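Trainee: Sequence and predicted structure, then a few things I'm wondering about:
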Amino acid sequence: MTYLIRQASVLGGERADVLISDGKIAEIGTIPAAEGATVIDAAGMVLLPGLVDPHTHLREPGREDAETVETGSKAAAKGGYTAVHAMANSTPVADTAGVVEQVYELGRKAGWVDVRPVGAVTVGLGGAQLSEIGAMADSRAKVRMFSDDGICVSDPLLMRRALEYVKAFDGVIAQHAQEPRLTEGAQMNEGEVSAVLGMAGWPAVAEESIIARDVLLAEHVGARLHVCHVSTAGSVEIIRWAKARGIQVTAEVTPHHLLLTDELVKTFDPVFKVNPPLRREEDVLALRAGVADGTIDVIGTDHAPHPSEAKDCEWGAAAMGMTGLETALSIVQHTLVETGLLSWADVARITSQTPAKIGSLSDQGRPIAVGEPANLTLVDPAARWIVDPYAMATKGRNSPFAGMELPGAVHATFYHGHATVLDGALASPRVAND
Amino acid sequence: MKHLLSTADLSRAEAIAILDIAEEMRETGTREVKKLPALRGRTVVNLFFEDSTRTRISFEAAAKRLSADVINFSAKGSSVSKGESLKDTAQTLLAIGADAVVIRHPDSGAPARLAATDWIGLPIVNAGDGTHEHPTQALLDAFTLRRQLALREGVSPAGRGLDGLKVAIVGDVLHSRVARSNLWLLNTLGASVTMVAPPTLLPVGASAWPCTISYNLDEVIASGVDAVMMLRVQGERMRDAFFPNPREYSRYWGLDDTRLKALEANGDETLILHPGPMNRGLEISSAAADSPRSMVLEQVTNGVAVRMASLYMLLSGDLI
């Protein structure tokens, strides 16, 4: 298929016509006409490189009632993504070449986005023994990111070894920073709200102490560390310090931590139950400032769909996690662009270019230039929409933004030149050639 | 009043109205025939997901004295142990024909969740949720204090608050729903509160509470208080390093015989309250528990009256 995108603002800058053909960007400039091309009027819209999520839970294999690779990758396409990293906490755990290749294959067959499996750091996420990291790296899934996400690699020696080991193929350890003893039974952020609600607290120090330890370990062994879902002001300060010291650390923040606070827990509605928990207003503002000054590198959705019964219950019995793929770009626009903290070029950096670099994805997050793979997202920043979880492509109905009016809508997504989303609706998957 | 979930939700007028009705209910408890026909034909379900003989029988007595039918549902031996959700359990009770639900639950916020969802749409009374709130306990504590002070002054308690009263709440504040409910209600009624506890048993964030915080029970007693509320302390908390051992806890934060003497030496008429069940010898000595200042049994009696008032107000229409 050939597409001619007319008068899009490229990375929020100058307007241009962009011709997509044979999976690549064929021409940029003023293009009077193109034979056989589907024309998309993109006046007022912003053209971005396709979004890359460093942190998604697709639930397959094992919890297909919550999400499948197909439904999750459809949700991703709808949210403007052309690649997602699928976290390893499936059943069975993605700790062998066999499982990561299965997930990779499911993604390829689904054809909505690149599905890049994340390998588990330890066997069964057990925190005791390194999984076959080399075999996963060598597999067809070419895993480069490893994480026990959901569980912290809390053993300092094991974390050190993992950081060292993945240097062999320029891999990265994505750490879920949560000191386990300090968070036993934790239900929400520990602070003034938890004191009133009488809920077991998840203190900021449980995150910050692990990040402090890990950046020092990364420095000591000269390895790459990625910090998942940074949620506290103190974490931002530690990472800022580490970067100033030249430590190879990258950091991620979720859309929900950029907007929501622990005040919402007062509703006792488990849709707001998430790990790490929603924090204070001060933390939200520090996270935004951290993105603005480059301390925080990327947006990771931590998209975590759950079946309704896991949330239609009392707080203590509810599962942790919220969906995020179909709202992420709108939340970024709302919290970072409309506040004047970021330009659209910055948005491209934190949602696409840098996540692709962290995950070593060679054909994602590329410049919008002739000859580059056409992984592109066209967003209409003037659109306003009300979040309806029942209108989403994900199976999960657990969006904390339900009922909110948000700015910005994904108008089209191009995945290797194939339109997975057109006119804001899912179009068709790309059929793999090989 | 649609539900009774938290004392933080109660205005001063609402709280005083409950206490005033409870006074009337208490009078009926002294009659030969204790029963009132107010809730005849109505069904109250005691939905208890946590062991609590005392609170459950208090609610049961309250409902029965109002002539309501009572269904006791305890999580043990019920379908809950087979994995039934709170939603399904609650909807089953609705289908059986319940008119109000008294719920105790180990999770903070479970009663509020039941009230906020469209699961059943019945009046909910929080009979203790996790470490969040226990509003009827705070109401009966306030009732007891108000009644004692009025007796002392020879006036009627009706219509009064607890203005100017100094109350110390002592012990495991962190894990205490009683402490939280009392904090809000005592403030609403005009009393001033001091929380006394080891720092490990105070929540991070308590500094924002409308109370004074002290780590020294002797200083608080010496400063003069109108009432001390002793909280139950679980001896096994030492396993999570909240304190070194029960003896040390008792030495620093227990109302022992030495501190009882200090209260007496003060010349104050300080009242001693405890929500029960007491750990004699740990947070309170036997001498303190059995002293004339002790309101422990009075609290139990008043608990029935306060719960009668609560059920009556929730089930018999719009008194407020």
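Mentor: On my side now, so go ahead. Residues are numbered from 1 along each chain as shown, chains lettered A, B, ... in the order given.

Trainee: C-alpha only now, for contacts and for neighbours.
Mentor: Noted.

Trainee: Quick one: residues in contact with stretch B:111-119.
Mentor: Residues lying outside stretch B:111-119 but in contact with it, judged by C-alpha atoms under 8 Å, 6 or more residues apart in numbering or on different chains, are A:267-269, A:313-314, B:3, B:5, B:87, B:90-91, B:103-105, B:120-126, B:129.

Trainee: now, which of these lie within helices?
Mentor: If you go by DSSP state H, those have B:87, B:90, B:91 in helices.

Trainee: Out of these, the closest to chain A would be?
Mentor: residue B:87 (6.4 Å; C-alpha to the nearest C-alpha).

Trainee: Let me see the contact set for that closest one.
Mentor: Per C-alpha under 8 Å, 6+ apart, neighbours of residue B:87: A:312, A:313, B:114, B:119.

Trainee: for those, which one is nearest residue B:308?
Mentor: Distance to residue B:308 across the contacts of residue B:87 (C-alpha to C-alpha) is lowest for residue B:114, with 21.5 Å.

Trainee: on that earlier part again, just send the contacts of residue B:87 back as TSV, with distance to residue B:166, pLDDT and neighbour count too.
Mentor: TSV is the format used below for the contacts of residue B:87 (distance: C-alpha to C-alpha, whole Å; pLDDT from 0 to 100; neighbours: other C-alpha atoms under 10 Å in any protein chain shown):
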residue	distance to residue B:166	pLDDT	neighbour count
A:312	42	95	21
A:313	40	94	24
B:114	35	96	23
B:119	42	94	18
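
Trainee: Just give me the neighbour total for residue A:65.
Mentor: Neighbourhood size, residue A:65 [other C-alpha atoms under 10 Å in any protein chain shown]: 14.

Trainee: List the contacts of it.
Mentor: Contacts of residue A:65 by C-alpha under 8 Å, 6+ apart are A:307, A:395.

Trainee: Pull up the gap between residue A:302 and chain B, please.
Mentor: Per C-alpha to the nearest C-alpha, to the nearest Å, residue A:302 is found 26 Å from chain B.

Trainee: What count of nearby residues applies to that residue?
Mentor: Residues near residue A:302, counting by other C-alpha under 10 Å, number 29.

Trainee: Would you confirm that it contacts residue A:59?
Mentor: No - Residue A:302 is beyond contact range of residue A:59, at 12.0 Å (criterion: C-alpha atoms under 8 Å).

Trainee: ok, back up a step: filter the contacts of stretch B:111-119 to the buried ones?
Mentor: Neighbour-count burial (16 or more other C-alpha atoms under 10 Å in any protein chain shown) applied to the contacts of stretch B:111-119 gives A:268-269, A:313-314, B:3, B:5, B:87, B:90-91, B:103-105, B:120-126, B:129.

Trainee: got the residues of chain B near chain A?
Mentor: B:85-87, B:107-110, B:112-114, B:130-133, B:174-175, B:177, B:180, B:203-206, B:208 (C-alpha under 8 Å from any C-alpha of the partner chain).

Trainee: how about the nearest residue to the most centrally placed residue in chain B, chain neighbours excluded?
Mentor: Most central in chain B under C-alpha atoms, centre = their mean is residue B:137, positioned 1.4 Å from the mean C-alpha point. Nearest non-adjacent residue to residue B:137, counting by C-alpha to C-alpha, 6 or more residues apart in numbering or on different chains: residue B:178, 6.5 Å away.

Trainee: Just give the nearest non-adjacent residue to the residue in the stretch 51-200 of chain B positioned nearest to chain A, would you?
Mentor: With C-alpha to the nearest C-alpha, the shortest gap between the stretch 51-200 of chain B and chain A falls at residue B:132, namely 4.2 Å. Excluding the flanking residues, the one nearest residue B:132 by C-alpha to C-alpha, 6+ apart is residue A:198, at 4.2 Å.

Trainee: State the number of residues packed around the one you found.
Mentor: For residue A:198, the neighbour count with other C-alpha under 10 Å is 25.

Trainee: For it, which residues are in contact?
Mentor: Here residue A:198 is in contact with B:108, B:130, B:131, B:132, B:133, B:174, B:175, B:177 (C-alpha under 8 Å, 6+ apart).

Trainee: Would you map the helices across chain B?
Mentor: B:12-29, B:53-65, B:86-96, B:110-116, B:135-153, B:177-188, B:217-223, B:246-253, B:257-266, B:286-289, B:296-315.

Trainee: Equivalent analysis for the stretch 201-350 of chain A, please.
Mentor: A:204-221, A:233-244, A:281-292, A:328-332, A:344-348 (DSSP state H, counting those that start in this stretch).

Trainee: mind putting the ones in helices among the contacts of stretch B:111-119 in CSV, distance to residue A:398 and pLDDT included?
Mentor: Output for these, formatted as CSV (distance: C-alpha to C-alpha, whole Å; pLDDT from 0 to 100):
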residue, distance to residue A:398, pLDDT
B:87, 17, 93
B:90, 22, 92
B:91, 22, 93
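
Trainee: interface residues of chain A facing chain B?
Mentor: Residues of chain A lying close to chain B by C-alpha under 8 Å from any C-alpha are A:190-199, A:267-269, A:312-316.

Trainee: ok, now with 6 Å
Mentor: A:191, A:192, A:195, A:197, A:198, A:268, A:314, A:316 (C-alpha under 6 Å from any C-alpha of the partner chain).

Trainee: I'd like to know how many residues surround the nearest residue to residue A:424 once chain neighbours are set aside.
Mentor: Leaving aside its sequence neighbours, residue A:424 sits nearest to residue A:411 (C-alpha to C-alpha, 6+ apart; 4.3 Å). Residue A:411: 25 surrounding residues under other C-alpha under 10 Å.
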